[in-house]
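In: With the input below, show me the fold.
(chains A, B, C and D)
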Protein chains: 2
Amino acid sequence: MARITRKESHAQTRERLVETAYRLFMADGYNATSLDKVAAEAGFSKGAVYSNFATKTELGLAVLDVLHLERAMSLAAAVLEAETAEDRIAGFAKWADENIGDVGWGALEVEFATSNRNVPGVNNELASRRRLLTAALGDLLEQQATDLGLVLPMPAEDAATQLLALGIGLGLQRAFDPELPVTGIVDQLRSLLERSTPIDPSGR
Amino acid sequence: MARITRKESHAQTRERLVETAYRLFMADGYNATSLDKVAAEAGFSKGAVYSNFATKTELGLAVLDVLHLERAMSLAAAVLEAETAEDRIAGFAKWADENIGDVGWGALEVEFATSNRNVPGVNNELASRRRLLTAALGDLLEQQATDLGLVLPMPAEDAATQLLALGIGLGLQRAFDPELPVTGIVDQLRSLLERSTPIDPSGR
DNA sequence: GTCTATACGGTGATAGAC
DNA sequence: GTCTATCACCGTATAGAC
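Out: As a prediction, the model looks like this:
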């Protein structure tokens, strides 16, 4: 009974630390949040953090993984549950407003990336995460276009890259200027669809 | 003769500090560059920084001002010296490749913004700089469109906001994944022009 | 008034006790 | 594995030299 408690308790400690760091990083930022604060808020000492994560950077990567999974699932849910093309755009618009409009997300994402850009190995970690996200977004786009009987005006991955870049740029600027509207990205998506051509069943 | 030396020397010190900080911030990042290093590299003590700038944040804002002016001028030059529409797009493409492709710029811009997002007053400073940049870019767009006899498919300022966001997003992702191509922003600009309509001389 | 010298609180990281 | 003690370093602040 107590045999698996060790590993379980370790995982629980790790999970609680990530969860606490997630909340604090989003609220106050990555650099402004000290490991001492994270540990104290989670009910541990700073040493507990270092027994679970080699560096603050690794804790940050773990937080980003949770964040990415969470947002990717909510985006997929928002789009996949709609039926008509307009409903899907509306679902995307709602998701964009709630998520890209969320000041904390974009800010945390880029603060971490830039603050760790000289840390060895981190760039590769972030690059692989970006490719994963872009591929997933591209698949979603392509699938949606196919469902609607459309052919995108450019490779789905390129469209995904541009939408992601636009989302990052808009979300980031909103971090210090909340008046900036997020609607631009919805316009872009709409324009992407308008520039799409109907699928030719003959294949050519 | 030595009467103006005081103010001049002060201005020179300030200029040299900004210049040194510019170089180090771009190369190593904002957080990774200590004020001690900036001062030493410029040939001063750390206190000299403090006598010219109240905080590290203010030094960062001064660096950003120099950076913005520099890039805005180079963009205007790249676009305005061209004659034909295609030459202007080519000029923009070259500028985008050299500047948005520059890893340091986007990274510094957003690292500073996010790392200081809780510092009182900084958000307003950055927001006003963003509005200035957006307005200038919008004017440039509108002027170019008019010269080419085109009407943009959206307000010039909205187009500028989207292009700026896209540039930030692309430049930032290139900071940790240099393989990502910058061509997306040129495609966007081209698409913007393609969706423009000829000016109707009748006014309606 | 501008710069140097020095000090303070707090940070990420490390070593060793339990 | 977690905690305490400790380190080097950072941004900030002050006192004093010139």
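
In: from memory A:Asn99 sits against A:Trp105, does it?
Out: Yes - with contacts counted by CB atoms under 8 Å, A:Asn99 reaches A:Trp105, the gap being 6.3 Å. All C-beta atoms are positioned from the backbone trio N, CA, C, and that covers glycine.

In: Give the phi and psi angles for A:Thr197, as a check.
Out: Per-residue torsions, A:Thr197: phi -110, psi 150 (degrees, to the nearest 10).

In: Tell me how many other residues surround A:Ala113.
Out: 29 (other CB atoms under 10 Å in any protein chain shown).

In: Now do the strand or helix carrying it: distance to the chain's middle.
Out: Using DSSP states H and E, A:Ala113 maps to helix A:103-115. Its chain's C-alpha centre and that of helix A:103-115 lie 10 Å apart, by CA atoms, centre = their mean, to the nearest Å.

In: how about it: buried residues?
Out: A:103-115 (16 or more other CB atoms under 10 Å in any protein chain shown).

In: does any part of the next helix or strand after that helix sit near DNA strand C?
Out: Past helix A:103-115, further along toward the C-terminus, the next helix or strand under DSSP H and E is helix A:122-147. No - Helix A:122-147 stays clear of DNA strand C (CB under 7 Å from any atom of the strand), getting no nearer than 11.0 Å.

In: ok, and what's touching the helix or strand that helix A:122-147 is followed by?
Out: The helix or strand immediately downstream of helix A:122-147 is strand A:150-151, counting by DSSP H and E. For strand A:150-151, contacts defined as CB atoms under 8 Å, 6 or more residues apart in numbering or on different chains pick out A:145, A:193, A:196-199.

In: what angle separates whichever strand or helix holds A:Ala77 from helix A:122-147?
Out: According to DSSP H and E, A:Ala77 maps onto helix A:56-80. Inter-element angle recorded for helix A:56-80 and helix A:122-147: 0 degrees (by axes from the mean of the first three to the mean of the last three CA atoms, to 10 degrees).

In: from the chain's centre, how far out does helix A:56-80 sit?
Out: Centre-to-centre, helix A:56-80 and its host chain are 5 Å apart (CA atoms, centre = their mean).

In: do stretch A:88-98 as well
Out: With CA atoms, centre = their mean, you get 15 Å for stretch A:88-98.

In: what is in contact with A:Asn99 and A:Trp105 at once?
Out: Jointly contacting A:Asn99 and A:Trp105 under the rule CB under 8 Å, 6+ apart are A:Arg71.

In: related to what we said a few turns ago, over the helix holding A:Ala113, what's the mean pLDDT, rounded is fine.
Out: Mean pLDDT, computed over helix A:103-115, is 91.

In: Stretch A:125-137 now?
Out: Stretch A:125-137 comes out at a mean pLDDT of 91.

In: Not counting that stretch itself, show me its contacts.
Out: Residues outside stretch A:125-137 that contact it (CB under 8 Å, 6+ apart) are A:61, A:64-65, A:68, A:72, A:113, A:157, A:160-161, A:163-164, B:173, B:176-177, B:179-180.

In: what stretches of chain A score poorly on pLDDT?
Out: Residues of chain A that meet the criterion pLDDT under 70 lie in A:1-8, A:203-204.

In: List, one by one, the residues from it near DNA strand C.
Out: Within chain A, the positions near DNA strand C by CB under 7 Å from any atom of the strand are A:33-37, A:46-47, A:50, A:54-57.
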